[in-house]
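Student: Sequence plus predicted model, see below.
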Protein chains: 4
Amino acid sequence: MVELMFVGRSSSLRVIYSGVRGYSSANEKVVGFIGLGNMGAHQATNLIKKGHKVVVYDISQDNVNKLREKGADVAASPSDIAKRADVIVTMLPASAHVKSVYCGDNGIFKSIKPGTLLLDSSTIDPQTARDVADIAAKHNATMLDCPVSGGTGGAEAGTLTFMVGGKDADFARAKPYLEAMGKNIVHCGDIGTGQAAKVCNNLVLGISMVGVSEAMNLGVKLGIDPKKLAGIFNTSSARCWSSEVYNPCPGVLENSPASRGYTGGFGSALMNKDLGLAVDSAKSIGEPLPLGTTAHQFYTMMVQKGLGQKDFSAAYEFLQKTKN
Amino acid sequence: MVELMFVGRSSSLRVIYSGVRGYSSANEKVVGFIGLGNMGAHQATNLIKKGHKVVVYDISQDNVNKLREKGADVAASPSDIAKRADVIVTMLPASAHVKSVYCGDNGIFKSIKPGTLLLDSSTIDPQTARDVADIAAKHNATMLDCPVSGGTGGAEAGTLTFMVGGKDADFARAKPYLEAMGKNIVHCGDIGTGQAAKVCNNLVLGISMVGVSEAMNLGVKLGIDPKKLAGIFNTSSARCWSSEVYNPCPGVLENSPASRGYTGGFGSALMNKDLGLAVDSAKSIGEPLPLGTTAHQFYTMMVQKGLGQKDFSAAYEFLQKTKN
Amino acid sequence: MVELMFVGRSSSLRVIYSGVRGYSSANEKVVGFIGLGNMGAHQATNLIKKGHKVVVYDISQDNVNKLREKGADVAASPSDIAKRADVIVTMLPASAHVKSVYCGDNGIFKSIKPGTLLLDSSTIDPQTARDVADIAAKHNATMLDCPVSGGTGGAEAGTLTFMVGGKDADFARAKPYLEAMGKNIVHCGDIGTGQAAKVCNNLVLGISMVGVSEAMNLGVKLGIDPKKLAGIFNTSSARCWSSEVYNPCPGVLENSPASRGYTGGFGSALMNKDLGLAVDSAKSIGEPLPLGTTAHQFYTMMVQKGLGQKDFSAAYEFLQKTKN
Amino acid sequence: MVELMFVGRSSSLRVIYSGVRGYSSANEKVVGFIGLGNMGAHQATNLIKKGHKVVVYDISQDNVNKLREKGADVAASPSDIAKRADVIVTMLPASAHVKSVYCGDNGIFKSIKPGTLLLDSSTIDPQTARDVADIAAKHNATMLDCPVSGGTGGAEAGTLTFMVGGKDADFARAKPYLEAMGKNIVHCGDIGTGQAAKVCNNLVLGISMVGVSEAMNLGVKLGIDPKKLAGIFNTSSARCWSSEVYNPCPGVLENSPASRGYTGGFGSALMNKDLGLAVDSAKSIGEPLPLGTTAHQFYTMMVQKGLGQKDFSAAYEFLQKTKN
């Protein structure tokens, strides 16, 4: 039974932070963090750097050890985190993991303290976010969905965008913690709308990436120089992030994944997962998604054909003729 | 009035031409213009304004009369234009009209003079562009494909973008005439690449508009404020012209077609036609177009259901539930 | 061959059940039936007609009363059914209802007796079928998925086809009860495969109906007499149930839903639901479904546009041009 | 010039023909045949076997020699055929070849005799069929579109189905020649409807094959035995030629292409071509084809990925996960 009584952050620390953030008071909160993968490890590290007392849990002992070295306390289970923390951040791969970490036998809800603030920055479907938040409410705790964009680079630099769903007052409570991990904290609406915004953003992204890939491929095959074609797109009505910042045709942008063999970046399997969330969400409320489902099938085929670990701009490569 | 300083044509050639035409002085080129619709009328007017001697033809006598009042000479047929002009600009609805105006019984090729410069600014498929250019070459004439973007507003203001396919030297010859009608003159490559660039640009545009419509519709139905959702898109990886400049959700942008009942703008039937060109082009060379064909079918359904004359951003409206 | 004469429940029988449970030598089992809708009411009636002692539950008192008049006992809740029945048949609209009736506060599992045989003839996703069967196993009960085809006509006539998932021995136990309601009892494999077979059958059906509709529409618009075109299909490689038995073009078949304004038959909203199950199942195991998802979107659009209550062959009508 | 050597037809038959046709003085007609590929060689052979005087042309000298050995006369060009024949059958790969053989420099129309009956059994788009028939009419000749189904087996056995477009009287003239090559001669309507019927038939076929492939793949992955699943389809509403006669899952049918590595049969590249004709036809009249275009894209991808020469039921294989 760990009884964490943080009375006072060292004044020197407080001075430094209050200069930066200005939100630290005499009450020191313990922040639990569950899910120390590529994203979560950076987020937890940033919380520590900003002066938060952090206690972590992950199924991988390696991941845990790395955070311990950076100053984190270590918990034995999500339930143990719940006993010790006032605020808990979770960063998990998919809905099933979120359900398990919150509702499982050794889950958060087993030992949660009334008043705990739960910040789930996993990318999951909005309905699961609402369901888990409902259970949290029954425990007199508050859960917000806070999925991110910005990738591992943004996680490391602390420049993530958080899309947050929850009530105004709860958003105000959550904001200081999110600001320790990100730069752009957007309040999207009620619980679930953070996930919805993330899902909708990536829906457009997945569609436009395949669209740009089709058009770049067609244009090049019709004899246009790819850089010239991208230039036309970027100064005209085809302009989009997928063409301008992340063009899928090798050689158009020097630093794009396309120009380094589609390594790094955001994997096709992850885009397939996110488009799957959009398909689920639309189906659950009976809304049509003709291009979204086609793009989802496209990424499913890419994964089937062994391109799941390549960057999602490998859509361009998948359109190419196979040499026999 | 005429400010043409045409250097580098042999005087003997000039003599021959003036002998054939009869009414041209030594340094004056006659510009023929065929197709005086919403776009063409403005383009021909701008040529006149810039001091060119212009002779026009259109199947509509009304359209012809309007240009006559602005100082154009009038020809009796495309063939008659060919007899009188050194440069001919055509602006026609579709491939069939281009074939007919160039190759028909009273078409341009019936009377074309050697050395004539042919500038087709219609939007047609690249293959037809190449085919007609081949026939032109047999008549010792030169044809370039010069489709435009910028709409009727750009046509009137003389700020159109021209995407030009043709050889370097021919592009140099064409440029002064195109600059009289547009602002941004892009040389895309060999003959046909102007059309290809236009087709590819509108392919991305048509896809991203349906994609943004699906995502805006989904997000709003999931409870996100549309302006907030568009704001997230526009500062993130969903950013694109269709969201930022032309958002299809009513009320997001004050001056978008969506905010005035999808009137004005670029009609769904025209987008359907342009996506059809992309489908044709891709099929002719065996390249896949999974999202492009789905978007094309979407616009075909919109036209079927009576939305052909509405702006193409009415894709958003077409996704809505019909009240019964 | 089994001639069941259920006259009440004898206490000796109850003793046998509690002691041995297994398969009563006295041949007297109580059959519970939950879900007395268009299908279930006929199924329960047929069980009574074949001499089974039947106890029923439905949320609609009207539905319950109709069965009471036919000789059914009435239970107060699914839990009450579970207390009284040895075999329970459920026929419910969707996965959510199945979960609730089995696992809810007053659900079957609250009072289930060891050895109970559970036959779910709802059409739901295979994963939910497996999940509920797993819970049943923890209660020492056995659940089989037994979705049907044959429609309300087959339900009334007792000629349904049952697609059954479960172990060989359990299938043998279930068969006599299913034969009281249907004619063709197919053992598909382990638990979940009955649902999978149903889902896959309707996946082909939904796709071929839209495909036949597209082709009939195209052919008629190209000038072919619809009966002649259907005749060609039906004697050639386009032959399929959707063309031969259920042709979607009005007038081709005298007794098809198409020839009576798409009334009766199998509603578009139900086909939309079944294709949704296929989409879910495929997504859950990462298998592609390019035509299945497109057909699903097509039916989603039909429902959106107010055609959900029309027969699913109204796909043909949905392809028609709207008169303006 | 005319070399009528009509041997071996019963005189009574000859009387009937002369009664119907009335063109030939000697009652002997020369049949020209152009296009001696896998299909055409068998068709021409059958015409010879039935006693027709046949004169042939093909770009391959090998193909020509084989027919010479079987008793055919040889012509130097399509134009030469036109000089010598009263009836001309063409069997060519695609629209471009038809245009060239009929309208080219040494084409049929260069030397065609008034009254010539032209029977094009190529599979091309209905519009090209109508266009060429219009030109034929200007030469006082009559053209009918007569595409076939039945494959090379049917061509060899003389059991092809002919789908014929043309006027009643012209159909009556054509029928005897078609009956020499096929068994089932279907009059579909006016010129172009033969092609339209073929295109629509193969549209359903292409869609149902991908649909059955998706459903067989899904069911097998969900644990159902493929033969059992096919059995369910074939006795239920999923029944179709693609499942029953030509099941794409290896092992389900002993003699299907699927059970011999997708060799033989009807190549994916040919199905891709035929679906392309459907896409063209639908687009030309503004009719939607949502599943047809998706199926077309699917086959285009198969061709891209090197499966073009495999039987079109390799759609099943293309859905499989690639082993890495």
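Tutor: Alright, I've got the coordinates. Please read these numbers as outputs of a predicted model, since none were measured by experiment.

Student: hmm, the helix or strand encompassing A:A174 in reach of chain B?
Tutor: When elements are assigned from DSSP states H and E, A:A174 belongs to helix A:168-179. No - using C-beta under 8 Å from any C-beta of the partner chain, helix A:168-179 stays clear of chain B, coming no nearer than 12.8 Å. C-beta here means a position set from N, CA and C on the backbone, and glycine is covered the same way.

Student: Let me see the mean pLDDT of that helix.
Tutor: The average pLDDT within helix A:168-179 is 97.

Student: May I have that helix exported as PDB, CA atoms only?
Tutor: Extracted in PDB, the C-alpha atoms of helix A:168-179 (Å, rounded to 0.1, in the frame of the first residue of the first chain):
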ATOM      1  CA  ASP A 168     -15.100  22.100 -20.500                       C
ATOM      2  CA  ALA A 169     -14.100  21.800 -16.800                       C
ATOM      3  CA  ASP A 170     -12.500  18.400 -17.300                       C
ATOM      4  CA  PHE A 171     -10.600  19.800 -20.300                       C
ATOM      5  CA  ALA A 172      -9.300  22.600 -18.100                       C
ATOM      6  CA  ARG A 173      -8.100  20.100 -15.600                       C
ATOM      7  CA  ALA A 174      -6.400  17.900 -18.300                       C
ATOM      8  CA  LYS A 175      -4.700  20.700 -20.200                       C
ATOM      9  CA  PRO A 176      -1.600  21.200 -18.000                       C
ATOM     10  CA  TYR A 177      -0.700  17.600 -18.300                       C
ATOM     11  CA  LEU A 178      -1.300  17.500 -22.000                       C
ATOM     12  CA  GLU A 179       0.800  20.600 -22.400                       C
END
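
Student: Any buried residues in it, and which?
Tutor: Buried residues in helix A:168-179, defined by neighbour count with 16 or more other C-beta atoms under 10 Å in any protein chain shown: A:D170, A:F171, A:R173, A:A174, A:P176, A:Y177, A:L178, A:E179.

Student: got it, and stretch A:63-77?
Tutor: Counting neighbours by 16+ other C-beta under 10 Å, stretch A:63-77 gives A:N63, A:V64, A:K66, A:L67, A:A72, A:D73, A:A75, A:S77 as buried.

Student: Among those, which pair sits farthest apart?
Tutor: The largest separation in the buried residues of stretch A:63-77, counting by C-beta to C-beta, is between A:K66 and A:S77 at 18.8 Å.

Student: Looking at the buried residues of stretch A:63-77, which is nearest C:Q297?
Tutor: A:N63 (40.5 Å).

Student: For chain A, what lies in contact range of chain D?
Tutor: A:T294, A:M301, A:Q304, A:K305, A:G306, A:L319, A:Q320, A:K321, A:T322, A:N324.

Student: What about the buried residues of stretch A:63-77, which are in strands?
Tutor: With strands taken from DSSP state E, the overlap with the buried residues of stretch A:63-77 comprises A:D73.

Student: Which secondary structure state does A:T45 sit in?
Tutor: Here A:T45 is recorded as helix under DSSP: H, G, I helix; E, B strand; the rest coil.

Student: and the residue of the stretch 51-200 of chain A nearest chain C?
Tutor: Closest contact between the stretch 51-200 of chain A and chain C, by C-beta to the nearest C-beta, is at A:A96 (10.8 Å).

Student: And the nearest residue to A:T159 once chain neighbours are set aside, which helix or strand is it part of?
Tutor: Spatial nearest neighbour of A:T159, excluding adjacent residues (C-beta to C-beta, 6 or more residues apart in numbering or on different chains): A:K183 at 4.4 Å. According to DSSP H and E, A:K183 maps onto strand A:182-189.

Student: Verify the stated contact: A:A174 with A:M143.
Tutor: No - counting by C-beta atoms under 8 Å, A:M143 is not a contact partner of A:A174; they are 10.0 Å apart.

Student: what do the two both touch?
Tutor: A:L119, A:G166 (C-beta atoms under 8 Å, 6 or more residues apart in numbering or on different chains).

Student: Which one of the residues of chain A next to chain D is nearest to A:K53?
Tutor: Distance to A:K53 across these (C-beta to C-beta) is lowest for A:G306, with 44.7 Å.

Student: ok, the residue most central in space within chain A to A:P250 distance?
Tutor: A centroid search over chain A (C-alpha atoms, centre = their mean) returns A:V148, at 3.7 Å, as the residue closest to the centre. As for A:V148, its distance to A:P250 is 28 Å (criterion: C-beta to C-beta, to the nearest Å).

Student: picking that back up, name the secondary structure element that contains the residue of the stretch 51-200 of chain A closest to chain C.
Tutor: Per DSSP H and E: helix A:95-103 holds A:A96.

Student: following that helix, which helix or strand shows up next?
Tutor: The first helix or strand that comes after helix A:95-103 along the chain, using DSSP H and E, is helix A:108-111.

Student: Pull the contacting residues for A:L289.
Tutor: By C-beta under 8 Å, 6+ apart, the contact set of A:L289 is A:L203, A:A278, A:V279, A:A282, B:E214, B:L218, C:Q297.

Student: okay, now the domains of chain A?
Tutor: Chain A breaks down into these domains under automatic domain parsing: A:11-190, A:196-318.

Student: Kindly state which of those domains is positioned closest to B:V210.
Tutor: Taking C-beta to C-beta, domain A:196-318 is the member of the domains of chain A nearest to B:V210, at 5.1 Å.

Student: returning to that earlier point: the helix holding A:A96: which residues count as buried?
Tutor: Within helix A:95-103, the residues that count as buried by 16+ other C-beta under 10 Å are A:S95, A:H97, A:V98, A:K99, A:V101, A:Y102.

Student: ok, now stretch A:273-286?
Tutor: A:K273, A:D274, A:L275, A:G276, A:L277, A:A278, A:V279, A:D280, A:S281, A:A282, A:K283.

Student: What of stretch A:45-54?
Tutor: A:T45, A:N46, A:L47, A:I48, A:K50, A:G51, A:H52, A:K53, A:V54.

Student: Equivalent analysis for stretch A:217-228, please.
Tutor: A:N217, A:L218, A:G219, A:V220, A:K221, A:L222, A:G223, A:I224, A:P226, A:K228.

Student: still on that earlier bit, make a markdown table from the buried residues of helix A:95-103 and add distance to D:Y262 and pLDDT to it.
Tutor: A markdown table is the format used below for these (distance: C-beta to C-beta, whole Å; pLDDT from 0 to 100):
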| residue | distance to D:Y262 | pLDDT |
| --- | --- | --- |
| A:S95 | 39 | 93 |
| A:H97 | 41 | 96 |
| A:V98 | 43 | 97 |
| A:K99 | 43 | 96 |
| A:V101 | 46 | 98 |
| A:Y102 | 49 | 98 |
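
Student: leaving aside the residues next to it on the chain, what's closest to A:G104?
Tutor: A:P78 (7.3 Å).

Student: what does A:T128 give?
Tutor: Excluding the flanking residues, the one nearest A:T128 by C-beta to C-beta, 6+ apart is A:S95, at 4.4 Å.

Student: what comes into contact with stretch A:166-186?
Tutor: A:21, A:23, A:31, A:43, A:46-47, A:50, A:52, A:87, A:89, A:117, A:119, A:133, A:142-146, A:148, A:150, A:154-155, A:158-164, A:187, A:190-191, A:194, A:197, B:228, B:231-232, B:235.

Student: Got a ChimeraX select line for the buried ones in those residues?
Tutor: In ChimeraX, this line selects whichever of the contacts of stretch A:166-186 come out buried by 16+ other C-beta under 10 Å:
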select /A:31,43,46,47,50,52,87,89,117,119,133,142,143,144,145,146,148,150,154,155,158,160,161,162,163,164,187,190,191,194,197 /B:228,231,232
